[in-house]
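> Give me a 3D structure for the following:
(chains A, B, C and D)
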Protein chains: 2
Amino acid sequence: MAQALRFRQAPSPLKASCHQCSLSNLCLPLAVQDNDLDRLEDIVQQGRIYNRGEHIFDQSTQFRSCFAVKSGSIKTSIITESGEEQVTGFFMPGEIVGLDSMSSEAYACTAKALERTSVCEFPVEKLEELTGKLPDLQHHMYRLMSQEIQNSHQLAMLLSKNTAEERIASLLLSLSSRFQRRRMSPTNFSLPMARNDIANFLGLAVETVSRVFTRFQNQGIIRARGREVELLDVEALQLVTREFSRQGCQQ
Amino acid sequence: MAQALRFRQAPSPLKASCHQCSLSNLCLPLAVQDNDLDRLEDIVQQGRIYNRGEHIFDQSTQFRSCFAVKSGSIKTSIITESGEEQVTGFFMPGEIVGLDSMSSEAYACTAKALERTSVCEFPVEKLEELTGKLPDLQHHMYRLMSQEIQNSHQLAMLLSKNTAEERIASLLLSLSSRFQRRRMSPTNFSLPMARNDIANFLGLAVETVSRVFTRFQNQGIIRARGREVELLDVEALQLVTREFSRQGCQQ
DNA sequence: CGTCCAAATTGATGCAAGTCAAATGGGTAC
DNA sequence: GTACCCATTTGACTTGCATCAATTTGGACG
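Numbers count the residues shown, from 1 in each chain, chains lettered A, B, ... in the order given. I've put the predicted structure just below:
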């Protein structure tokens, strides 16, 4: 069965079909004219399927490619010499992993599959060559990287200025809108990551994350059982994220 | 005197000379072959001089250019609707400001001169056109942006995992090595930013920054009077930043 | 040279979130 | 089904840093 699946997914293991991919409105093809799509397909490699917990790459791997999430989800984290971990992001289908490594010989972070996950691989050497020829694609790469800087600044802001409740509300809303953009329910989804990962990402202790979840639940803002989450009152959540700012206003 | 200076700095106000610039081993020219340097000069504009506190751009400005610091220094920060500020970075001569805005119509942050500061301006439209023709320059842009993502991740890590002392030690060491790369003393320099900016950047209260400075001083690690700082014991500082990790090791 | 205001320092107190400890739940393999 | 392990939750206690308040310092300017 597993073998059959593998055959079905990768009839020609080295080439992916962007034309037929349902993510072409999110992923790199978004920036490529239809008649140039072949050139992108030429350099994309259909990556293999990773089971939950498997590494797509880690900080000891030589940097060679960026990856687009095709299905499933990925968490990236920096791991210090002493084994200390800092989760730097969660990636959903259509999002690109590895942009932070383009200045280094080795990957700048470790990427781990949070569930059964498939990816497409873009060898950077070929990708750079192609972006040199396709201005729109180059522009899109700049956009993506710039967006990632902004995201990271937002995270820094969250970490340095916001309370535990505000951080968690922000994360839930971010996930919600990202699910929505992928045509999934924005109010009813299953968290791809463990409480531990949430805690690490948001600079909190696991216990605090757990407590905030139950607090939100008692207030009727969300319903959570394990990884299944239902947002019962999105406005209330938005209010939580803004509460901090509103106080600033009143002063 | 001020006028004479202005004339000397900008004989032809629209064109900068990368050939003669002392920062050519730090800034964008770093990635450009000598015989292509003219093409970079063609698109660079000599920016004006900003006094301390003046804005180079802010979040209401339409995004048009990236800027290289020529002399002086710049701080960038995000300002929320409610006026809350988060400092996202400090920039020294040769460093590029504005890379986080390449995905947006308006600048993603506000850039303010921390002292008398001059800049070179790179209009993005022309810059993108040029990077399409010069693969090395394109590669360098990817490197710069990727480096900025990494820096921001490091900041997030600092904010979420490290104590006040560790954060401040890290900042001092970062400044030290950046001064050194610019052929200035790595142990004896003047902070371009106020305590307030340091506090905001590191997610601390001003009072905490002040206390840590005096603590370091009492321990004989640094000497600080106002913005003048002398690092008396660099190894001790490095030890402070690593203390956290070392504890992780012992477990 | 004194005046004024912002920046920096120092001290006292409170709280949000971390830490430690223990109980509960849920998933997986045998 | 049941045993095991890891993830999650809950409770009790501790603490680093924020906050509030009061000086002190220092630079800009008339």
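
> switch to C-alpha atoms for all contacts and neighbour counts from now on
Will do.

> For residue A:139, see how far away residue A:146 is.
10 Å (Cα to Cα, to the nearest Å).

> before we move on, what about residue A:160?
As judged by Cα to Cα, residue A:160 and residue A:139 stand 32 Å apart.

> Repeat that for residue A:123.
Here residue A:123 is placed at a distance of 18 Å from residue A:139 (Cα to Cα).

> Please apply the same query to residue A:201.
To residue A:139, residue A:201 is 29 Å away according to Cα to Cα.

> quick one, which of those two is more surrounded?
For residue A:201 versus residue A:139, the count of surrounding residues by other Cα atoms under 10 Å in any protein chain shown is larger for residue A:201: 25 against 18.

> hang on, that one is in a helix, isn't it?
Yes. Counting by DSSP: H, G, I helix; E, B strand; the rest coil, residue A:201 is part of a helix.

> Show me the strands in chain A, by range?
Using DSSP state E, the strands assigned to chain A run over residues A:45-50, A:55-57, A:65-71, A:74-79, A:85-91, A:96-97, A:110-113, A:117-123, A:188-190, A:222-225, A:228-231.

> Which residue is the nearest non-sequential neighbour of the residue in the stretch 1-150 of chain A that DNA strand D sits nearest to?
Nearest residue of the stretch 1-150 of chain A to DNA strand D (Cα to the nearest atom of the strand) works out as residue A:53 at 9.9 Å. Excluding its sequence neighbours, the residue lying closest to residue A:53 (Cα to Cα, 6 or more residues apart in numbering or on different chains) is residue A:113, at 5.3 Å.

> what do you get for residue A:48?
residue A:118 (6.2 Å).

> what about that neighbour, distance to residue B:179?
Between residue A:118 and residue B:179 the distance, using Cα to Cα, works out to 45 Å.

> Between these two, which is the more surrounded one?
For the pair residue A:118 and residue B:179, the greater number of neighbours falls to residue A:118 (24 against 18), based on other Cα under 10 Å.

> Would you confirm that the more buried one contacts residue A:54?
No. Counting by Cα atoms under 8 Å, residue A:118 stays clear of residue A:54, with 11.3 Å between them.

> show me what contacts residue A:112?
Going by Cα atoms under 8 Å, 6 or more residues apart in numbering or on different chains, residue A:112 touches A:52-57, A:74-76.

> between these, which is nearest residue A:188?
residue A:74 (19.9 Å; Cα to Cα).

> and that closest one, how many neighbours?
31.

> Quick one: residues contacting it.
Residue A:74 sits next to A:90-92, A:111-115, A:117 when contact means Cα under 8 Å, 6+ apart.

> Skip the chain neighbours and tell me the closest residue to it.
Counting by Cα to Cα, 6+ apart, residue A:113 is the residue found nearest to residue A:74 once chain neighbours are left out, at 4.6 Å.

> Same check on residue A:194?
Nearest to residue A:194 is residue A:227, by Cα to Cα, 6+ apart, at 7.4 Å.

> got a pLDDT number for the one you found?
What the model reports for residue A:227 is a pLDDT of 94.

> Kindly report the same for residue A:244.
Residue A:244 carries a pLDDT value of 53.

> Kindly report the same for residue A:247.
Model confidence at residue A:247, given as pLDDT, is 44.

> try residue A:48
On pLDDT, residue A:48 comes in at 85.

> what's the answer for residue A:250, then?
37.

> can you check residue A:11 too?
The per-residue pLDDT reported for residue A:11 equals 43.

> Residue A:73 and residue A:179, how far apart?
The value you get for residue A:73 to residue A:179, if Cα to Cα is used, is 12 Å.

> Residue A:168 and residue A:192, how far apart?
Going from residue A:168 to residue A:192 by Cα to Cα gives 15 Å.

> Wait, residue A:156 touches residue B:158, no?
No. Using Cα under 8 Å, residue A:156 makes no contact with residue B:158, being 9.3 Å away.

> Which residue, other than its chain neighbours, is closest to residue A:146?
Closest residue to residue A:146 apart from its sequence neighbours, by Cα to Cα, 6+ apart: residue B:100 at 4.5 Å.

> Wait, that neighbour touches residue A:142, no?
No. Contact criterion Cα under 8 Å: residue B:100 and residue A:142 do not qualify, at 9.3 Å.

> Quick check: residues of the stretch 151-251 of chain A near DNA strand D?
With Cα under 7 Å from any atom of the strand as the criterion, the stretch 151-251 of chain A comes near DNA strand D at residues A:193-196, A:206-211, A:213-214, A:224-227.

> could you redo the last one with a cut-off of 6 Å?
A:194-196, A:206-207, A:210-211, A:214, A:226 (Cα under 6 Å from any atom of the strand).

> for those, which one is nearest residue A:96?
Looking across these and measuring by Cα to Cα, the closest to residue A:96 is residue A:194, at 21.3 Å.

> got the contact list for the closest residue to residue A:97 other than its chain neighbours?
Closest residue in space to residue A:97, ignoring its immediate chain neighbours: residue A:67 at 5.2 Å, by Cα to Cα, 6+ apart. Shown in contact with residue A:67 (Cα under 8 Å, 6+ apart): A:96-98, A:119-122.

> In the stretch 151-251 of chain A, where is pLDDT below threshold?
Residue ranges of the stretch 151-251 of chain A with pLDDT under 70: A:243-251.

> repeat that with 90
For the stretch 151-251 of chain A, applying pLDDT under 90 flags the ranges A:242-251.

> Around DNA strand C, pick out the residues from it.
So the stretch 151-251 of chain A meets DNA strand C at A:163-164, A:203-205, A:207-208 (Cα under 6 Å from any atom of the strand).

> Mark which of those residues are buried, thanks.
With burial judged by 16 or more other Cα atoms under 10 Å in any protein chain shown, the buried subset of these is A:164, A:203-204.

> How far off centre is the longest helix belonging to chain A?
The longest helix of chain A (DSSP state H) is helix A:135-161. Offset of helix A:135-161 from its chain centre (Cα atoms, centre = their mean, to the nearest Å): 12 Å.

> Which strands or helices does it pack on?
If you count contacts as 3 or more Cα pairs under 8 Å, 6 or more residues apart in numbering or on different chains; DSSP states H and E, helix A:135-161 packs onto helix A:124-133, helix A:164-181, helix A:195-202, helix B:124-133, helix B:135-161.
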